[in-house]
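got a structure for you, letters missing:
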């Protein structure tokens, strides 16, 4: 560490890095895939359990089920965006990490089976 750098623990957290520009409300625009065999995939690894809508605030999120969804793995909890992608606390309190692709007004995550799920920012929400 150089003498001009403050100690790591005293540096303020970068809110933009933490939220990754995801703050706001998002709607899934891809159809959910059929559910995977529950014996062959872990909770959070099946895109059929991703919410129909999701809202990100500073460090926390809340998922909302679609009319035909009985269960979502991304229910509510904490999240962060880092080099590994999007990390969320899941319904069972485990952490799921997904590769993340961002474009203007939308983002795409890829589940463990390689299935892509895209969300688009709700129109009434500006850039976050």
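It's in. Everything numeric in this text was worked out from a predicted model, so none of it was measured. Numbering: from 1, shown residues only.

Could you report the pLDDT at residue 18?
Model confidence at residue 18, expressed as pLDDT, equals 59.

The spatially closest residue to residue 53 that is not a sequence neighbour: how many residues sit nearby?
The shortest distance from residue 53 to any residue other than its chain neighbours is 4.2 Å, reached at residue 64 (Cβ to Cβ, 6 or more residues apart in numbering). For glycine as for every other residue, the C-beta is placed from the backbone atoms N, C-alpha and C. Neighbours of residue 64 under the rule other Cβ atoms under 10 Å: 17.

same deal with the one 4 residues further on?
Summarising burial for residue 68: neighbours were counted as other Cβ under 10 Å, giving 7.

so the residue nearest the centre of the chain bridges to which residues?
In the chain, the C-alpha nearest the mean C-alpha coordinate belongs to residue 86, at 5.1 Å (Cα atoms, centre = their mean). Residue 86 has the following beta-bridge partners by DSSP bridges: residue 81, residue 98.

gap between it and residue 100?
Per Cβ to Cβ, to the nearest Å, residue 86 is found 4 Å from residue 100.

overlap in contacts of the two?
Residues touching both residue 86 and residue 100 (Cβ atoms under 8 Å, 6 or more residues apart in numbering): 20, 107, 109.

Kindly supply the ChimeraX command isolating those of those residues that are buried.
The buried residues among those can be selected in ChimeraX (16 or more other Cβ atoms under 10 Å) with this line:
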select :20,107,109
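
Between the shared contacts of residue 86 and residue 100, which sits nearest residue 117?
When the shared contacts of residue 86 and residue 100 are ranked by distance to residue 117 (Cβ to Cβ), residue 109 comes first, at 5.4 Å.
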